[in-house]
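**Student:** My questions are about this predicted structure, shown below with the sequence.
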Amino acid sequence: MPEKNKEKQMQQDKYIIYGSEYSPFSVKVRSYLRYKNIDHEWRPRTQDNFDEFQALAKLPLIPLVQCPDGTVLQDSTPIIEKLEERHPDKPIIPDSPEMAFISSMLEEYADEWGNKPMFHYRWWRDEDQIAVSKGLADNIAPNAVEEDRQKLADQLRKRMVPRLSFVGSSEQNKDLIERSLKEALLLLEKHLDGRAFVLGGHPTLADFGLFCQLYGCTQQPTTLEIMTAFPNILDWINRMLDPKAEGELEPWERLQSTLQPFIVSQVRELYLPWATANAQALKAEEHSFSVTLKGSRFTQDPMKYTARSLHALKGKFARLEQRSRLEQILLETDCLAFIVAESW
């Protein structure tokens, strides 16, 4: 990188986020920075600044955060964890070890399984493919003429539809993926009734992880229509775009009646068995794996990142010195065996 550009990086007095409105993980980091009142600039990645982005990126992925000292961060969860260390005011990690882990587990579920229905619905049906590819093209090339943006939209659609397999979207898996979203919405709608955020009066890691995938669902016709039946969730999504603390977090005893069913349905019956089977397949060097989820056979190619993030989640549990209360909660939700089992 030219010395002039390096010097310019070091002189910045704010964080810069390279992202996209259509990237849930980018919106997740932006929402976090807004909540923390961290001075930042939202810089949509466009054709005009792509070379600038590439000069900074280790991987061609957004979000990318350029820190005031020139440090570059990528990957939404490590970005948030690093910034939480640097900016401890208004913490998003609950004080209690059990609720801190529950928050992390819900965020992990959202990143790895909650992304599946969002991405599946985005590229499965013609109506959604057309709407999203046009929205992406408008964001990437805002200054292009309409004809060129339409060509870009067509190219994006052609490139993205085959990537459905990356999230396990297929004719075989379609019904389970779509059912999982509807079940999640039903349970989350009930949990958010009279509650500002997932764990109570202010957002935690769980909120940032869950909301961004559902915000993505509001950008595509099929899932937007589905979500109109869930006003509590839509209100929460709007709050999470620029969240403000509204009170204290609640203990598990007050959350349990509505949060436990969500954890059992989504984390215990979907994410954990799928992620465990994925890790085992990688360990056995298998090219694909199948696992029964909610009575349906789900088949997918293994994903290395999912295995690493599951391993990291288990590491958070293993490092806890006082975890008897958490173990009890994980027993009640039938998750404990997955968390303590070796799978990588």
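**Tutor:** Received, thanks.
**Student:** Please count neighbours and contacts with C-alpha atoms only from this point.
**Tutor:** Noted.
**Student:** so what's the nearest residue to Asp301 once chain neighbours are set aside up against?
**Tutor:** Nearest residue to Asp301, sequence neighbours excluded (CA to CA, 6 or more residues apart in numbering): Ser288, at 4.2 Å. The contact partners of Ser288, by CA atoms under 8 Å, 6 or more residues apart in numbering, come to Ala281, Thr299, Gln300, Asp301, Pro302.
**Student:** can you list those residues in a markdown table and add pLDDT and secondary structure?
**Tutor:** Formatted as a markdown table, the contacts of Ser288 follow (pLDDT from 0 to 100; DSSP: H, G, I helix; E, B strand; the rest coil):
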| residue | pLDDT | secondary structure |
| --- | --- | --- |
| Ala281 | 97 | helix |
| Thr299 | 98 | strand |
| Gln300 | 97 | strand |
| Asp301 | 96 | coil |
| Pro302 | 96 | coil |
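**Student:** Farthest pair within the residues you listed?
**Tutor:** Of all pairs drawn from those, the greatest distance, 11.4 Å, lies between Ala281 and Thr299 (CA to CA).
**Student:** When those two are compared, which one has more neighbours?
**Tutor:** Ala281 (22 against 19; other CA atoms under 10 Å).
**Student:** I figured that one was touching Met303, is that so?
**Tutor:** No - using CA atoms under 8 Å, Ala281 makes no contact with Met303, being 9.2 Å away.
**Student:** For the stretch 151-300 of the chain, just list every one of the helices.
**Tutor:** Counting by DSSP state H, counting those that start in this stretch, one finds helices in the stretch 151-300 of the chain at the ranges 174-191, 205-217, 221-227, 231-241, 252-262, 272-283.
**Student:** what helices or strands is the first one leaning on?
**Tutor:** Applying 3 or more CA pairs under 8 Å, 6 or more residues apart in numbering; DSSP states H and E, one finds that helix 174-191 contacts helix 115-124, helix 231-241, helix 252-262.
**Student:** can you list the residues that contact that helix?
**Tutor:** With CA under 8 Å, 6+ apart as the test, helix 174-191 has contacts from 114, 116-117, 120-121, 169, 198, 227, 230-233, 258-259, 261-262, 265-266, 296.
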